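A.B. asks: Sequence and predicted structure below; questions after.
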Amino acid sequence: MSFSNEFLWGVATSAFQYEGAYLEDGKGWTVADERCKKKNKIQADSSVASDGYHHLEEDVSLMKELGIKSYRFSISWARLYPDGDGKLNEKGIEYYQKLLVLLNDNHIEPIVTLLHFDIPWKLIEKYEGFVSRKCIDAFERYCRTCFKLFGNRVKYWLTINEQNVMAMMHDMLGLNKEDPKLSEKLVQCNYNMYLASAKAIIACHEMCPQALIGPCVSYPTLYAETCHPDDVALAYDMQDMMAFAPMETYVYGIISPLVMNKWRKENTVPQMFKEDEQILKSGTADYLGVNWYCTQTVGISNSKSGFNIGVELDIKKNPYLEYGHWDWSYDPKALKMALKECYARFKKPIMICENGWSELETVEDGKVHDQKRIDYLHDHIKQMQNAIDEGVDLIGYQHWSFIDILSSSQGFDKRYGLVFVDRDNFNIKNCQRIKKDSFYYYQSVIKNNGLGEINEER
Ligand code: BG6
(Lines give C-alpha, C1' and ligand atoms only; values in the text may rest on other atoms or scores of the structure.)
Protein backbone atom coordinates (compact mmCIF):
# COMPACT_ATOMS: atom_id res chain seq x y z
CA MET A 1 0.00 0.00 0.00
CA SER A 2 1.09 3.52 -0.62
CA PHE A 3 -0.31 7.03 -0.68
CA SER A 4 -3.95 7.22 -1.70
CA ASN A 5 -5.07 9.65 -4.38
CA GLU A 6 -6.73 11.72 -1.67
CA PHE A 7 -3.50 12.03 0.35
CA LEU A 8 -3.05 15.67 1.37
CA TRP A 9 0.44 16.66 0.28
CA GLY A 10 0.84 20.12 1.70
CA VAL A 11 2.83 22.80 3.40
CA ALA A 12 2.35 24.78 6.62
CA THR A 13 2.89 28.18 8.21
CA SER A 14 1.42 30.07 11.15
CA ALA A 15 0.11 33.63 11.35
CA PHE A 16 2.70 35.32 13.60
CA GLN A 17 5.57 33.52 11.88
CA TYR A 18 4.46 34.31 8.33
CA GLU A 19 2.11 37.28 8.05
CA GLY A 20 3.95 40.22 9.57
CA ALA A 21 1.79 43.39 9.49
CA TYR A 22 1.45 42.88 13.22
CA LEU A 23 -0.35 46.10 13.88
CA GLU A 24 -1.76 46.72 10.43
CA ASP A 25 -5.44 46.96 9.50
CA GLY A 26 -6.60 46.86 13.08
CA LYS A 27 -4.85 43.67 14.27
CA GLY A 28 -4.36 43.52 18.04
CA TRP A 29 -1.14 42.72 19.94
CA THR A 30 -0.63 39.08 20.88
CA VAL A 31 1.38 36.94 23.27
CA ALA A 32 3.49 35.81 20.30
CA ASP A 33 4.24 39.43 19.30
CA GLU A 34 5.24 40.22 22.87
CA ARG A 35 7.37 37.11 23.19
CA CYS A 36 9.24 37.63 19.91
CA LYS A 37 9.88 41.28 20.71
CA LYS A 38 11.35 40.41 24.10
CA LYS A 39 13.32 37.44 22.90
CA ASN A 40 14.93 38.83 19.83
CA LYS A 41 16.97 41.94 20.30
CA ILE A 42 17.32 41.81 16.53
CA GLN A 43 14.94 42.79 13.72
CA ALA A 44 13.55 39.30 13.72
CA ASP A 45 10.31 39.92 15.53
CA SER A 46 6.81 39.37 14.18
CA SER A 47 6.46 42.90 12.74
CA VAL A 48 7.37 41.79 9.21
CA ALA A 49 8.09 38.05 9.54
CA SER A 50 7.89 36.68 5.94
CA ASP A 51 5.76 39.67 4.93
CA GLY A 52 3.10 37.19 3.85
CA TYR A 53 0.35 39.74 4.48
CA HIS A 54 1.68 41.74 1.52
CA HIS A 55 2.64 38.79 -0.70
CA LEU A 56 -0.53 36.75 -0.62
CA GLU A 57 -1.20 36.43 -4.37
CA GLU A 58 2.45 35.75 -5.15
CA ASP A 59 2.69 33.10 -2.44
CA VAL A 60 -0.47 31.30 -3.47
CA SER A 61 0.74 31.18 -7.05
CA LEU A 62 3.98 29.62 -5.79
CA MET A 63 1.88 27.07 -3.93
CA LYS A 64 0.04 26.33 -7.14
CA GLU A 65 3.33 25.86 -8.98
CA LEU A 66 4.49 23.53 -6.21
CA GLY A 67 1.38 21.46 -6.83
CA ILE A 68 0.29 21.09 -3.21
CA LYS A 69 -3.10 19.69 -2.37
CA SER A 70 -3.38 21.41 1.01
CA TYR A 71 -2.11 24.42 2.93
CA ARG A 72 -2.07 24.56 6.71
CA PHE A 73 -2.15 28.12 8.06
CA SER A 74 -3.45 29.71 11.24
CA ILE A 75 -5.95 32.47 11.72
CA SER A 76 -4.71 35.20 13.99
CA TRP A 77 -7.39 35.51 16.67
CA ALA A 78 -6.33 39.13 17.25
CA ARG A 79 -6.68 39.98 13.56
CA LEU A 80 -10.34 39.03 13.84
CA TYR A 81 -10.91 40.22 17.41
CA PRO A 82 -8.16 42.74 18.26
CA ASP A 83 -9.19 42.59 21.95
CA GLY A 84 -9.85 38.86 21.94
CA ASP A 85 -13.51 39.20 22.81
CA GLY A 86 -14.63 42.68 21.79
CA LYS A 87 -15.44 44.03 18.34
CA LEU A 88 -14.91 42.07 15.16
CA ASN A 89 -12.36 43.57 12.73
CA GLU A 90 -13.70 43.74 9.16
CA LYS A 91 -10.21 44.06 7.66
CA GLY A 92 -9.18 40.83 9.35
CA ILE A 93 -12.18 39.01 7.89
CA GLU A 94 -11.31 40.38 4.44
CA TYR A 95 -7.74 39.09 4.65
CA TYR A 96 -8.72 35.52 5.46
CA GLN A 97 -11.63 35.55 2.99
CA LYS A 98 -9.20 36.61 0.29
CA LEU A 99 -6.77 33.86 1.21
CA LEU A 100 -9.52 31.23 1.22
CA VAL A 101 -10.84 32.35 -2.16
CA LEU A 102 -7.34 32.22 -3.63
CA LEU A 103 -6.82 28.71 -2.26
CA ASN A 104 -10.18 27.60 -3.51
CA ASP A 105 -9.53 29.00 -6.98
CA ASN A 106 -6.28 27.03 -7.07
CA HIS A 107 -7.81 23.80 -5.74
CA ILE A 108 -5.77 23.86 -2.54
CA GLU A 109 -7.51 22.45 0.53
CA PRO A 110 -7.16 24.79 3.52
CA ILE A 111 -6.26 23.24 6.88
CA VAL A 112 -6.96 25.97 9.41
CA THR A 113 -5.42 26.20 12.88
CA LEU A 114 -7.51 28.29 15.24
CA LEU A 115 -4.75 29.14 17.71
CA HIS A 116 -1.02 28.95 17.05
CA PHE A 117 0.81 30.49 20.05
CA ASP A 118 -0.82 33.93 19.58
CA ILE A 119 -3.37 34.56 22.34
CA PRO A 120 -4.61 38.17 22.10
CA TRP A 121 -2.65 40.24 24.62
CA LYS A 122 -5.74 42.05 25.88
CA LEU A 123 -7.01 38.74 27.24
CA ILE A 124 -3.83 38.43 29.28
CA GLU A 125 -4.37 41.91 30.69
CA LYS A 126 -8.05 41.30 31.37
CA TYR A 127 -8.13 37.71 32.59
CA GLU A 128 -4.55 36.38 32.72
CA GLY A 129 -5.44 34.50 29.56
CA PHE A 130 -6.33 30.85 29.96
CA VAL A 131 -5.93 31.01 33.72
CA SER A 132 -9.52 32.24 33.60
CA ARG A 133 -12.55 30.46 32.19
CA LYS A 134 -13.53 33.78 30.60
CA CYS A 135 -10.78 33.10 28.08
CA ILE A 136 -12.47 29.80 27.20
CA ASP A 137 -15.68 31.73 26.45
CA ALA A 138 -13.76 34.22 24.32
CA PHE A 139 -12.07 31.39 22.41
CA GLU A 140 -15.37 29.63 21.81
CA ARG A 141 -16.93 32.83 20.51
CA TYR A 142 -13.97 33.43 18.19
CA CYS A 143 -14.12 29.84 16.91
CA ARG A 144 -17.85 30.10 16.27
CA THR A 145 -17.18 33.27 14.28
CA CYS A 146 -14.58 31.40 12.19
CA PHE A 147 -16.93 28.49 11.54
CA LYS A 148 -19.70 30.89 10.53
CA LEU A 149 -17.54 33.09 8.30
CA PHE A 150 -15.23 30.52 6.75
CA GLY A 151 -16.97 27.17 7.33
CA ASN A 152 -18.24 26.97 3.75
CA ARG A 153 -14.67 26.85 2.44
CA VAL A 154 -12.87 24.81 5.12
CA LYS A 155 -13.08 21.06 5.62
CA TYR A 156 -10.11 20.55 7.99
CA TRP A 157 -9.74 22.47 11.24
CA LEU A 158 -7.16 22.26 14.03
CA THR A 159 -7.99 23.63 17.47
CA ILE A 160 -4.84 24.59 19.41
CA ASN A 161 -1.32 24.12 18.11
CA GLU A 162 0.94 22.34 20.60
CA GLN A 163 -0.99 22.96 23.77
CA ASN A 164 1.42 20.44 25.30
CA VAL A 165 4.33 22.80 24.61
CA MET A 166 2.43 25.91 25.69
CA ALA A 167 1.61 24.27 29.00
CA MET A 168 5.34 24.11 29.84
CA MET A 169 6.23 27.62 28.70
CA HIS A 170 5.06 30.46 30.92
CA ASP A 171 5.79 33.10 28.26
CA MET A 172 3.63 31.37 25.63
CA LEU A 173 0.71 31.76 28.02
CA GLY A 174 1.54 35.33 29.00
CA LEU A 175 2.44 34.28 32.56
CA ASN A 176 5.16 35.71 34.74
CA LYS A 177 8.11 33.48 35.57
CA GLU A 178 8.41 34.98 39.05
CA ASP A 179 4.76 34.39 39.93
CA PRO A 180 4.73 32.27 43.12
CA LYS A 181 1.62 30.51 41.83
CA LEU A 182 3.17 29.73 38.43
CA SER A 183 2.90 25.93 38.70
CA GLU A 184 -0.80 26.06 39.60
CA LYS A 185 -1.46 28.58 36.84
CA LEU A 186 0.31 26.49 34.20
CA VAL A 187 -1.88 23.52 35.11
CA GLN A 188 -5.04 25.64 35.16
CA CYS A 189 -4.21 27.01 31.69
CA ASN A 190 -3.57 23.51 30.42
CA TYR A 191 -6.86 22.23 31.78
CA ASN A 192 -8.78 25.25 30.48
CA MET A 193 -7.24 24.81 27.03
CA TYR A 194 -8.52 21.22 26.96
CA LEU A 195 -11.98 22.61 27.62
CA ALA A 196 -11.50 25.36 25.03
CA SER A 197 -10.42 22.80 22.45
CA ALA A 198 -13.40 20.55 23.28
CA LYS A 199 -15.81 23.48 23.01
CA ALA A 200 -14.36 24.38 19.61
CA ILE A 201 -14.88 20.79 18.47
CA ILE A 202 -18.47 20.73 19.71
CA ALA A 203 -19.19 24.03 17.94
CA CYS A 204 -17.57 22.81 14.73
CA HIS A 205 -19.57 19.59 14.70
CA GLU A 206 -22.74 21.58 15.25
CA MET A 207 -22.06 24.36 12.73
CA CYS A 208 -20.02 22.54 10.05
CA PRO A 209 -21.14 18.91 10.14
CA GLN A 210 -19.15 18.05 7.01
CA ALA A 211 -15.88 19.28 8.48
CA LEU A 212 -13.23 17.36 10.43
CA ILE A 213 -11.51 18.85 13.43
CA GLY A 214 -8.71 17.78 15.75
CA PRO A 215 -5.87 19.02 17.92
CA CYS A 216 -2.25 19.44 16.89
CA VAL A 217 0.18 17.82 19.30
CA SER A 218 3.94 18.18 19.51
CA TYR A 219 5.39 14.68 19.57
CA PRO A 220 9.15 14.32 19.62
CA THR A 221 9.97 10.66 20.15
CA LEU A 222 12.00 10.22 23.33
CA TYR A 223 14.86 7.77 23.77
CA ALA A 224 16.51 6.76 27.01
CA GLU A 225 20.20 7.60 27.14
CA THR A 226 21.06 4.15 28.46
CA CYS A 227 19.19 0.96 29.26
CA HIS A 228 19.53 1.75 32.95
CA PRO A 229 15.98 1.34 34.28
CA ASP A 230 16.04 4.90 35.67
CA ASP A 231 16.77 6.38 32.26
CA VAL A 232 14.20 4.14 30.59
CA ALA A 233 11.56 5.02 33.15
CA LEU A 234 12.30 8.71 32.70
CA ALA A 235 11.94 8.58 28.91
CA TYR A 236 8.75 6.56 29.27
CA ASP A 237 7.20 8.91 31.82
CA MET A 238 8.12 12.03 29.89
CA GLN A 239 6.72 10.65 26.65
CA ASP A 240 3.55 9.72 28.42
CA MET A 241 3.07 13.08 30.14
CA MET A 242 4.08 15.21 27.19
CA ALA A 243 2.46 13.48 24.26
CA PHE A 244 0.24 10.50 25.06
CA ALA A 245 -1.67 11.95 28.00
CA PRO A 246 -2.73 15.01 25.97
CA MET A 247 -3.70 12.77 23.04
CA GLU A 248 -5.78 10.68 25.44
CA THR A 249 -7.73 13.74 26.49
CA TYR A 250 -8.37 14.86 22.91
CA VAL A 251 -9.33 11.41 21.67
CA TYR A 252 -11.14 9.87 24.64
CA GLY A 253 -12.39 13.04 26.33
CA ILE A 254 -10.94 12.26 29.75
CA ILE A 255 -8.08 13.65 31.79
CA SER A 256 -5.65 10.78 32.13
CA PRO A 257 -5.85 9.29 35.64
CA LEU A 258 -2.04 9.42 35.73
CA VAL A 259 -2.10 13.14 35.08
CA MET A 260 -4.77 13.64 37.76
CA ASN A 261 -2.59 11.72 40.16
CA LYS A 262 0.43 13.89 39.32
CA TRP A 263 -1.59 17.07 39.86
CA ARG A 264 -2.81 15.76 43.22
CA LYS A 265 0.69 14.85 44.34
CA GLU A 266 2.04 18.22 43.30
CA ASN A 267 -0.87 20.12 44.78
CA THR A 268 -1.79 21.71 41.49
CA VAL A 269 -5.25 20.24 40.84
CA PRO A 270 -7.03 22.90 38.76
CA GLN A 271 -10.47 24.27 39.37
CA MET A 272 -12.88 21.81 37.72
CA PHE A 273 -16.65 21.70 37.47
CA LYS A 274 -18.97 18.72 37.16
CA GLU A 275 -20.19 19.78 33.69
CA ASP A 276 -16.60 19.76 32.38
CA GLU A 277 -16.66 15.97 32.12
CA GLN A 278 -19.50 16.12 29.62
CA ILE A 279 -17.79 18.88 27.62
CA LEU A 280 -14.59 16.88 27.30
CA LYS A 281 -16.52 13.74 26.37
CA SER A 282 -18.60 15.51 23.72
CA GLY A 283 -15.72 17.41 22.14
CA THR A 284 -13.41 14.66 20.93
CA ALA A 285 -11.17 14.74 17.89
CA ASP A 286 -11.99 13.42 14.42
CA TYR A 287 -8.32 13.08 13.58
CA LEU A 288 -4.96 13.61 15.26
CA GLY A 289 -2.68 16.38 14.08
CA VAL A 290 0.92 15.56 14.94
CA ASN A 291 4.00 17.78 14.72
CA TRP A 292 7.02 15.50 14.48
CA TYR A 293 10.56 16.66 13.70
CA CYS A 294 13.11 14.54 15.51
CA THR A 295 13.97 12.38 18.50
CA GLN A 296 15.36 13.54 21.82
CA THR A 297 17.52 11.48 24.14
CA VAL A 298 17.05 11.92 27.86
CA GLY A 299 18.71 10.62 30.96
CA ILE A 300 18.79 11.29 34.65
CA SER A 301 21.69 13.53 35.60
CA ASN A 302 22.97 15.66 38.41
CA SER A 303 22.61 18.88 36.50
CA LYS A 304 19.49 20.98 36.60
CA SER A 305 19.12 21.80 32.92
CA GLY A 306 16.39 20.48 30.64
CA PHE A 307 12.64 20.31 31.00
CA ASN A 308 10.96 21.17 34.23
CA ILE A 309 8.91 18.06 34.86
CA GLY A 310 9.80 17.64 38.47
CA VAL A 311 12.97 15.58 38.00
CA GLU A 312 16.48 16.58 37.15
CA LEU A 313 17.39 15.55 33.67
CA ASP A 314 19.47 16.47 30.68
CA ILE A 315 18.73 16.36 26.99
CA LYS A 316 21.65 14.29 25.70
CA LYS A 317 23.28 13.80 22.33
CA ASN A 318 22.59 10.45 20.76
CA PRO A 319 25.94 9.14 19.51
CA TYR A 320 24.23 7.25 16.67
CA LEU A 321 22.60 10.33 15.17
CA GLU A 322 23.61 13.36 13.22
CA TYR A 323 22.57 16.80 14.53
CA GLY A 324 21.80 20.08 12.76
CA HIS A 325 22.90 23.59 13.61
CA TRP A 326 20.35 23.96 16.42
CA ASP A 327 20.96 20.48 17.80
CA TRP A 328 17.85 18.87 16.37
CA SER A 329 18.51 15.27 15.48
CA TYR A 330 18.14 13.64 12.06
CA ASP A 331 16.30 10.41 12.70
CA PRO A 332 13.80 9.47 9.97
CA LYS A 333 13.34 5.86 11.05
CA ALA A 334 11.81 7.06 14.29
CA LEU A 335 8.99 8.71 12.35
CA LYS A 336 7.58 5.35 11.32
CA MET A 337 7.74 4.17 14.93
CA ALA A 338 6.02 7.33 16.11
CA LEU A 339 3.20 6.99 13.59
CA LYS A 340 2.66 3.35 14.48
CA GLU A 341 2.71 4.07 18.20
CA CYS A 342 0.15 6.83 17.81
CA TYR A 343 -2.11 4.81 15.59
CA ALA A 344 -1.92 1.71 17.77
CA ARG A 345 -2.89 3.73 20.82
CA PHE A 346 -5.59 5.98 19.41
CA LYS A 347 -6.89 4.43 16.15
CA LYS A 348 -7.57 7.84 14.65
CA PRO A 349 -6.54 9.07 11.21
CA ILE A 350 -3.26 10.96 11.56
CA MET A 351 -2.22 14.13 9.78
CA ILE A 352 1.42 15.17 10.01
CA CYS A 353 0.93 18.89 10.51
CA GLU A 354 4.61 19.82 10.81
CA ASN A 355 7.84 18.11 9.83
CA GLY A 356 10.91 19.78 8.41
CA TRP A 357 14.57 20.67 8.67
CA SER A 358 16.13 24.02 9.60
CA GLU A 359 19.38 25.42 8.19
CA LEU A 360 21.43 28.59 7.92
CA GLU A 361 21.17 29.36 4.20
CA THR A 362 22.38 31.82 1.59
CA VAL A 363 21.64 32.49 -2.05
CA GLU A 364 24.32 31.48 -4.56
CA ASP A 365 23.88 32.65 -8.15
CA GLY A 366 20.20 33.20 -7.53
CA LYS A 367 19.73 29.67 -6.15
CA VAL A 368 19.54 27.97 -2.78
CA HIS A 369 21.04 24.49 -2.72
CA ASP A 370 19.39 22.89 0.30
CA GLN A 371 20.40 19.28 -0.25
CA LYS A 372 20.00 18.39 3.43
CA ARG A 373 16.32 19.37 3.33
CA ILE A 374 15.86 17.25 0.20
CA ASP A 375 17.43 14.28 2.01
CA TYR A 376 15.24 14.95 5.03
CA LEU A 377 12.12 15.05 2.88
CA HIS A 378 13.07 11.89 1.03
CA ASP A 379 13.95 9.92 4.14
CA HIS A 380 10.87 10.97 6.09
CA ILE A 381 8.47 10.40 3.21
CA LYS A 382 9.94 6.94 2.81
CA GLN A 383 9.14 6.20 6.45
CA MET A 384 5.61 7.57 6.00
CA GLN A 385 5.21 5.20 3.10
CA ASN A 386 6.44 2.32 5.27
CA ALA A 387 4.02 3.28 8.03
CA ILE A 388 1.10 3.30 5.59
CA ASP A 389 2.29 -0.03 4.29
CA GLU A 390 2.14 -1.39 7.83
CA GLY A 391 -1.42 -0.21 8.27
CA VAL A 392 -1.29 3.33 9.65
CA ASP A 393 -4.11 5.60 8.49
CA LEU A 394 -2.01 8.61 7.52
CA ILE A 395 -4.12 11.17 5.67
CA GLY A 396 -1.72 14.03 5.00
CA TYR A 397 1.69 15.62 5.29
CA GLN A 398 2.08 19.38 5.82
CA HIS A 399 5.74 20.25 5.38
CA TRP A 400 7.11 22.86 7.77
CA SER A 401 7.41 25.22 6.25
CA PHE A 402 6.19 26.43 2.92
CA ILE A 403 8.42 29.47 3.00
CA ASP A 404 11.11 30.75 5.38
CA ILE A 405 9.28 31.96 8.47
CA LEU A 406 10.21 33.49 11.79
CA SER A 407 11.27 30.67 14.10
CA SER A 408 9.10 30.42 17.18
CA SER A 409 12.05 31.43 19.37
CA GLN A 410 15.26 31.61 17.34
CA GLY A 411 14.88 34.45 14.85
CA PHE A 412 14.66 34.45 11.07
CA ASP A 413 17.98 32.92 10.14
CA LYS A 414 16.74 29.53 11.29
CA ARG A 415 15.21 28.67 7.92
CA TYR A 416 12.70 25.90 7.27
CA GLY A 417 11.18 26.93 3.95
CA LEU A 418 11.00 25.40 0.49
CA VAL A 419 11.01 29.02 -0.63
CA PHE A 420 13.74 31.41 0.50
CA VAL A 421 12.74 34.84 1.80
CA ASP A 422 15.41 37.43 1.16
CA ARG A 423 15.79 38.99 4.59
CA ASP A 424 17.72 38.05 7.70
CA ASN A 425 17.82 38.64 11.43
CA PHE A 426 19.19 42.13 11.09
CA ASN A 427 17.99 43.41 7.76
CA ILE A 428 14.47 43.14 6.43
CA LYS A 429 15.54 43.95 2.82
CA ASN A 430 12.76 43.30 0.29
CA CYS A 431 11.62 39.81 1.30
CA GLN A 432 11.97 38.61 -2.28
CA ARG A 433 10.91 34.98 -2.82
CA ILE A 434 13.41 32.49 -4.29
CA LYS A 435 12.54 28.84 -4.88
CA LYS A 436 15.05 26.51 -3.23
CA ASP A 437 16.17 23.19 -4.72
CA SER A 438 13.85 21.45 -2.24
CA PHE A 439 10.89 23.24 -3.84
CA TYR A 440 11.49 21.35 -7.07
CA TYR A 441 12.15 18.12 -5.23
CA TYR A 442 8.88 18.26 -3.27
CA GLN A 443 7.08 19.27 -6.48
CA SER A 444 8.22 16.01 -8.08
CA VAL A 445 7.18 13.98 -5.02
CA ILE A 446 3.68 15.44 -5.19
CA LYS A 447 3.49 14.83 -8.92
CA ASN A 448 4.46 11.19 -8.36
CA ASN A 449 2.11 10.89 -5.38
CA GLY A 450 5.05 9.62 -3.36
CA LEU A 451 8.64 8.74 -3.98
CA GLY A 452 7.92 6.39 -6.87
CA GLU A 453 10.80 6.49 -9.31
CA ILE A 454 12.59 9.08 -7.25
CA ASN A 455 12.97 6.41 -4.60
CA GLU A 456 14.50 3.98 -7.08
CA GLU A 457 17.05 6.48 -8.24
CA ARG A 458 18.57 6.98 -4.79
C1 BG6 B 1 6.63 23.78 16.33
C2 BG6 B 1 5.78 25.00 16.21
O3 BG6 B 1 6.83 23.54 17.66
O4 BG6 B 1 7.94 23.85 15.89
C5 BG6 B 1 6.21 25.98 15.12
O6 BG6 B 1 4.43 24.66 16.03
C7 BG6 B 1 7.71 26.12 15.15
O8 BG6 B 1 5.56 27.20 15.33
C9 BG6 B 1 8.33 24.76 14.88
O10 BG6 B 1 8.20 27.06 14.24
C11 BG6 B 1 9.85 24.77 14.87
O12 BG6 B 1 10.36 25.31 16.04
P13 BG6 B 1 11.31 26.57 16.03
O14 BG6 B 1 11.49 26.95 17.44
O15 BG6 B 1 12.56 26.13 15.38
O16 BG6 B 1 10.62 27.64 15.24
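C.D. replies: Cool, the structure landed.

A.B. asks: roughly how far apart are the residue nearest to the spatial centre of the chain and residue 13?
C.D. replies: For the chain, residue 161 is the residue whose C-alpha lies nearest the centre (Cα atoms, centre = their mean; 4.5 Å). Separation of residue 161 from residue 13 (Cβ to Cβ, to the nearest Å): 11 Å. Any C-beta I mention is one placed from the backbone N, CA and C, and that applies to glycine too.

A.B. asks: sorry, back to before: does the residue nearest to the centre of the chain have beta-bridge partners, and which?
C.D. replies: residue 216 (DSSP bridges).

A.B. asks: In contact with residue 293, which residues are there?
C.D. replies: The contact partners of residue 293, taken as Cβ atoms under 8 Å, 6 or more residues apart in numbering, are 220, 328, 354, 355, 356, 400.

A.B. asks: What about the ligand: which of these touch it?
C.D. replies: Among the contacts of residue 293, the ones lying near the ligand by Cβ under 6 Å from any ligand atom are residue 354.

A.B. asks: and which of the contacts of residue 293 is nearest residue 285?
C.D. replies: residue 354 (16.9 Å; Cβ to Cβ).

A.B. asks: Give the burial count for the closest one, as a bare number.
C.D. replies: Neighbour count of residue 354, defined by other Cβ atoms under 10 Å: 23.

A.B. asks: any idea how far it lies from residue 233?
C.D. replies: Distance of residue 354 to residue 233, given as Cβ to Cβ: 29 Å.

A.B. asks: same check, this time on residue 114
C.D. replies: Residue 114 is 36 Å from residue 233, by Cβ to Cβ.

A.B. asks: of those two, who's got more company?
C.D. replies: A count of neighbours by other Cβ under 10 Å puts residue 114 above the other of residue 114 and residue 233, at 23 against 13.

A.B. asks: interface residues of the stretch 351-458 of the chain facing the ligand?
C.D. replies: Counting by Cβ under 6 Å from any ligand atom, the stretch 351-458 of the chain sits next to the ligand at 354, 358, 407, 408, 409, 410, 414.

A.B. asks: OK, contacts around the second one?
C.D. replies: Just to be clear, that refers to residue 358. When contacts are counted by Cβ under 8 Å, 6+ apart, residue 358 touches 324, 325, 326, 328, 407, 414, 415, 416.

A.B. asks: same thing but 10 Å
C.D. replies: Listed by Cβ atoms under 10 Å, 6 or more residues apart in numbering, the contact partners of residue 358 are 293, 324-326, 328, 372-373, 376, 400-401, 404, 407, 410, 413-417.

A.B. asks: now the last one
C.D. replies: Residues counted as contacts of residue 414 (Cβ under 10 Å, 6+ apart) are 44, 324-326, 328, 358-361, 404-408, 425.

A.B. asks: Of these, which is the most crowded?
C.D. replies: residue 404 (31 neighbours).

A.B. asks: For the stretch 201-350 of the chain, give me the ranges with low pLDDT.
C.D. replies: 301-314 (pLDDT under 70).

A.B. asks: Is the residue nearest to the centre of the chain in contact with residue 215, as I believe?
C.D. replies: Yes - if you go by Cβ atoms under 10 Å, residue 161 and residue 215 touch, sitting 8.5 Å apart.

A.B. asks: Need the residues touching each of those two.
C.D. replies: What both residue 161 and residue 215 touch, as defined by Cβ under 10 Å, 6+ apart, is the set 113, 289, 353.

A.B. asks: Could you tell me how many residues sit around the first one?
C.D. replies: One way to gauge burial is a neighbour count; for residue 113, by other Cβ under 10 Å, it gives 25.

A.B. asks: Looks to me like it is in a strand.
C.D. replies: Yes - counting by DSSP: H, G, I helix; E, B strand; the rest coil, residue 113 is part of a strand.

A.B. asks: what bridges to it?
C.D. replies: Beta-bridge partners, per DSSP bridges, of residue 113: residue 74, residue 158.

A.B. asks: Return the residues in contact with it.
C.D. replies: Taking Cβ under 10 Å, 6+ apart, we find residue 113 in contact with 12-15, 72-75, 156-162, 215-216, 289, 353.

A.B. asks: just the buried members of these?
C.D. replies: Burial by neighbour count, 16 or more other Cβ atoms under 10 Å: within those this picks out 12-15, 72-75, 156-162, 215-216, 289, 353.

A.B. asks: Sketch out the low-pLDDT regions of the stretch 1-150 of the chain for me.
C.D. replies: Low-confidence segments of the stretch 1-150 of the chain, defined by pLDDT under 70: 1, 40-43.

A.B. asks: For whichever residue of it sits closest to the ligand, which non-adjacent residue is closest in space?
C.D. replies: Residue of the stretch 1-150 of the chain nearest the ligand, by Cβ to the nearest ligand atom: residue 14 (5.2 Å). Spatially, and ignoring its direct neighbours in sequence, residue 14 is nearest to residue 116 (3.8 Å; Cβ to Cβ, 6 or more residues apart in numbering).

A.B. asks: in terms of contact, does the one you found touch residue 165 like I think?
C.D. replies: No - between residue 116 and residue 165 there is no contact under Cβ under 10 Å: 11.0 Å.

A.B. asks: what do those two both touch?
C.D. replies: Common neighbours of residue 116 and residue 165, counting by Cβ under 10 Å, 6+ apart, are residue 408.

A.B. asks: Give me the more crowded residue out of the two.
C.D. replies: Neighbours were counted for residue 116 and for residue 165 using other Cβ under 10 Å; residue 116 has more, 25 against 16.

A.B. asks: what residues are up against residue 115?
C.D. replies: 14-15, 74-77, 139, 142-143, 158-163, 166, 193, 196-197, 200, 216.

A.B. asks: quick one: it and residue 177, what's the gap?
C.D. replies: Separation of residue 115 from residue 177 (Cβ to Cβ) stands at 22 Å.

A.B. asks: for residue 226, same thing?
C.D. replies: 32 Å.

A.B. asks: Name the residue in those two with the higher neighbour count.
C.D. replies: residue 226 (13 against 7).

A.B. asks: secondary structure class for the nearest residue to the more buried one once chain neighbours are set aside?
C.D. replies: Leaving aside its sequence neighbours, residue 226 sits nearest to residue 299 (Cβ to Cβ, 6+ apart; 6.4 Å). Using three-state DSSP, the structure places residue 299 in strand.
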